[in-house]
Each structure stands twice: as C-alpha cells, then as structure tokens.
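**Q** predicted structure and sequence below. I'll ask about it afterward.
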Amino acid sequence: MKKNRIPILAAIVIAGLAATHAAGQIQKGKTRPLQTKVWMKTVNQPHCGALVKMLKAGITEDSGWAEAAAHAQMLTESGHVLMADSRCPDTTWANAAKDLREGSEAMLKAIEAKDSAAASADLQKVLGACKACHAAHRKQ
Ligand code: HEC
C-alpha cells in the first residue's frame with residue numbers, strides 16, 4: 001500500500017505544476033520576457049486596427065496598398081510569435097493562431113492584387129481569430 005502512495009502523490013504534484021505552468025504561458029512565453037498583452041498592444045491592435053480603417057475608407061493609392069501589405073505582413077508574423085517560446089496552452093489557442101496566420105496571408109495576397117473585396121473578406125477571418133482566442137483566454 002505505502003509503496004503506491006509516492007507515485008500517486010508525485011503524479012498529483014506534477015499535474016498541479018503543469019496546470020500552473022500552462023496558465024503562465026498564456027501571459028508570457030517560457031524563456032523570453034515578452035508579455036502577451038504587450039505584443040497585443042504594440043503589434044496586433046495597431047496593425048489590425050489600421051487595416052480595418054484603411055479597408056473601410058477604401059485604398060486608392062499605391063502607397064496605401066504598400067502600407068496595407070506591411071500591416072498584413074506583421075499580422076502573419078504575429079501568428080508565428082504567438083506559437084513560439086511555449087506560449088501556446090491548448091488547441092483553441094493553436095487554431096486561433098493558425099487562423100490569424102492563414103487569414104492574414106490570404107489578406108496579403110488580396111492586397112498585393114489590389115482586391116479590396118477579397119481583402120475585406122479575409123479580414124473577417126483575422127477578426128474571427130482574435131475573437132476565438134480572446135473568448136477562451138483573455139480574462140477581462
Ligand atoms: C492565440 C491567442 C490570441 C489571438 C489570436 C489574439 N489575441 Fe489578443 N490577447 C490574447 C490574450 C491571452 C490576451 C490577454 C493578455 C493578458 O492580459 O495577459 C489578449 C489581449 C489583447 C488586447 C488587450 C491588451 C492589453 O493592453 O491588455 C488587445 C488590444 C488584443 N488582445 C488585440 C488583439 C487583436 C486585434 C487580435 C487579432 C488581430 C488578437 N488580439 C488576437 C490572445 C490572443
């Protein structure tokens with residue numbers, strides 16, 4: 001009887017540590033200092049917000065398309081960063097990061113083709129990715 005208790009206790013402790021660790025990963029990665037909320041504030045929000053505004057107003061100049069392409073590129077990179085440094089806690093997060101990458105990659109192609117309608121449709125996929133991850137993992 002006594003012999004079995006130690007592995008059971010160890011399993012409980014390890015499970016507890018794993019749970020604490022997973023919660024920590026959401027707000028920050030494992031080894032690098034970047035906080036998720038800082039990335040959101042400095043990358044996701046400004047680049048996504050700019051695209052929403054630009055596509056709503058309509059892009060007419062070549063310089064506008066180039067700027068939109070830059071914002072879309074940053075969002076594709078964000079989809080990779082959110083998966084890096086053991087930050088991802090579960091499949092909801094992983095799927096949202098994938099949708100962010102694929103949606104913004106498709107949007108970038110539409111922007112390069114100067115196709116506003118397609119870019120706006122792809123933007124909806126990106127916004128869906130923000131929403132899905134926040135519904136599961138953003139506390140406030
Ligand atoms: C894979 C998950 C994930 C995706 C995708 C995601 N977010 Fe977030 N976001 C979070 C988490 C987690 C927080 C809360 C971080 C915290 O408070 O520690 C957050 C917080 C935020 C915040 C609040 C930051 C602050 O100052 O507290 C903003 C703004 C934001 N996200 C914008 C976006 C936008 C825009 C997108 C889509 C382009 C997006 N996010 C996509 C996970 C995600």
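**A** It's in. Numbers count the residues shown, from 1 in each chain.

**Q** wait, is Asn95 part of a helix?
**A** Yes. Assessed with DSSP: H, G, I helix; E, B strand; the rest coil, Asn95 lies in a helix.

**Q** Gly128 is in contact with that one, correct?
**A** No. Judged on C-beta atoms under 8 Å, Asn95 makes no contact with Gly128 at a distance of 10.6 Å. The C-beta positions use only the backbone N, C-alpha and C, and glycine is treated the same way.

**Q** what does this structure have sitting close to the ligand?
**A** Within the chain, the positions adjacent to the ligand are 26-27, 36-37, 40-41, 44-45, 48, 75, 82, 93, 96-97, 100, 126, 129-130, 133-134, 137-138 by C-beta under 6 Å from any ligand atom.

**Q** those residues in helices, which ones?
**A** 26-27, 36-37, 45, 48, 75, 93, 96-97, 100, 126, 129-130, 133-134, 137 (DSSP state H).

**Q** filter those residues to the buried ones?
**A** 26, 36, 48, 75, 93, 96-97, 100, 126, 129-130, 133, 137 (16 or more other C-beta atoms under 10 Å).

**Q** which residues are in contact with Gly128?
**A** Residues in contact with Gly128 (C-beta atoms under 8 Å, 6 or more residues apart in numbering) are Asp99, Gly103.

**Q** also Gly29?
**A** Contacts of Gly29 by C-beta under 8 Å, 6+ apart are Ala84, Asp85, Ser86, Arg87.

**Q** those: which two are farthest apart?
**A** Largest separation among those by C-beta to C-beta: Ala84 and Ser86, giving 8.1 Å.

**Q** who's in contact with the helix or strand hosting Gly64?
**A** According to DSSP states H and E, Gly64 maps onto helix 62-81. Contacts to helix 62-81, defined as C-beta under 8 Å, 6+ apart, come from residues 34, 39, 43-44, 47-48, 50-51, 54-55, 59, 97-98, 100-102, 104-105, 107-108, 111-112, 114, 119, 126, 129.
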